[in-house]
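*Asks:* Structure for the following, please:
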Amino acid sequence: MSYAVGIKFEDNPKTYYFHTRGISLGLKDKCVVETVLGLEIGEVVKKPFPVDEGATLKPVIRKALEIDLVQWKMNREKEKDALLIAKSMVLQDELPMKLLRAHYTLDRGKLIFYFGSEERIDFRHLVKDLAAIFRTRIEMRQIGVRDEARMFGGCGMCGRELCCSTFLANFDPISIKMAKEQNLVLNSTKISGACGRLMCCLAFEYHLYQRLLYRLPKKESKILTPLGPAKVLEVNVFKDSICLRLEDGREIEINEEEYDRYFL
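*Replies:* Numbering: from 1, shown residues only. Next comes the predicted model:
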């Protein structure tokens, strides 16, 4: 029977799965794996579990040796120097791009530069010059503002660390409709995250709001009650209640159970 483990990499909350190849691995073990970028060191976050023989997973190469960990630490230091050199070259060439991070693969077979830009960049000349300096394969990766926020981390207005840099594995589509249906103030400074885009947390409870709101009439709608026609002034999801204004001007509040009795 084949087994796989869940592995996370530095500055990436997403879990990736690899074949163990019979290697004994436990939680928090460091291991060397082959990724789309090249050789990397990851940490086991999910213990070995059985998978189908035909599962198309990349294998764990080995448990990380002491020399691997030393190399990993050296790479992190060399990345800082590489980023400073690359930034000076970008300024010299007057390229409209913001270099964010440099990353060496474990064997230094590739040096990846992450950058942000609002337009397409012709960086062929830059890549050629960087390859001549660092004597390795150079890759430039353009990322969006949400990935940039994930990369650098920080705190949201809630006071907690950014969701994208702690536990969010994927970025779900966020729309202003989600804020409207949750009755939030449509002020960009109130509903935007550190990246300047709509906050990811708007999606966390959205489907619950949809289910709750589906059971109650919409705000500003008119319904017929035993007391006569009434207009819905407010819908309170947390209290499962609605506030009505009757034709005589009286305002009453009814909960969901009472609504079944009032609604005709």
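*Asks:* use CA for all of it now, contacts and neighbours both
*Replies:* Fine.
*Asks:* Check whether H103 really touches G109, as I assumed.
*Replies:* No - counting by Cα atoms under 8 Å, H103 stays clear of G109, with 10.9 Å between them.
*Asks:* between these two, who's got more neighbours?
*Replies:* Using other Cα atoms under 10 Å as the criterion, H103 and G109 rank with H103 on top: 20 against 14.
*Asks:* Chain neighbours aside, what residue packs nearest to M97?
*Replies:* S117 (4.8 Å; Cα to Cα, 6 or more residues apart in numbering).
*Asks:* so how far is V145 from that neighbour?
*Replies:* To V145, S117 is 9 Å away according to Cα to Cα, to the nearest Å.
*Asks:* Partner strands of the longest strand that the chain contains, with direction?
*Replies:* Using DSSP state E to assign secondary structure, the strand with the most residues in the chain is strand 39-51. Paired neighbours of strand 39-51 in the sheet (DSSP bridges): strand 2-9 (antiparallel), strand 30-34 (antiparallel).
*Asks:* How about residues contacting that strand?
*Replies:* 1-10, 15, 20, 25-34, 64, 72, 105-107 (Cα atoms under 8 Å, 6 or more residues apart in numbering).
*Asks:* For E118, grab phi and psi.
*Replies:* phi -90, psi 0 (degrees, to the nearest 10).
*Asks:* what does the one 5 residues further on give?
*Replies:* Note on F123: backbone dihedrals following degrees, to the nearest 10 are phi -110, psi 20.
*Asks:* Now for it, how many residues are close by?
*Replies:* When neighbours are counted by other Cα under 10 Å, F123 comes out with 14.
*Asks:* Can you verify my assumption that M1 contacts E53?
*Replies:* Yes - at 6.8 Å, M1 counts as touching E53 under the criterion of Cα under 8 Å.
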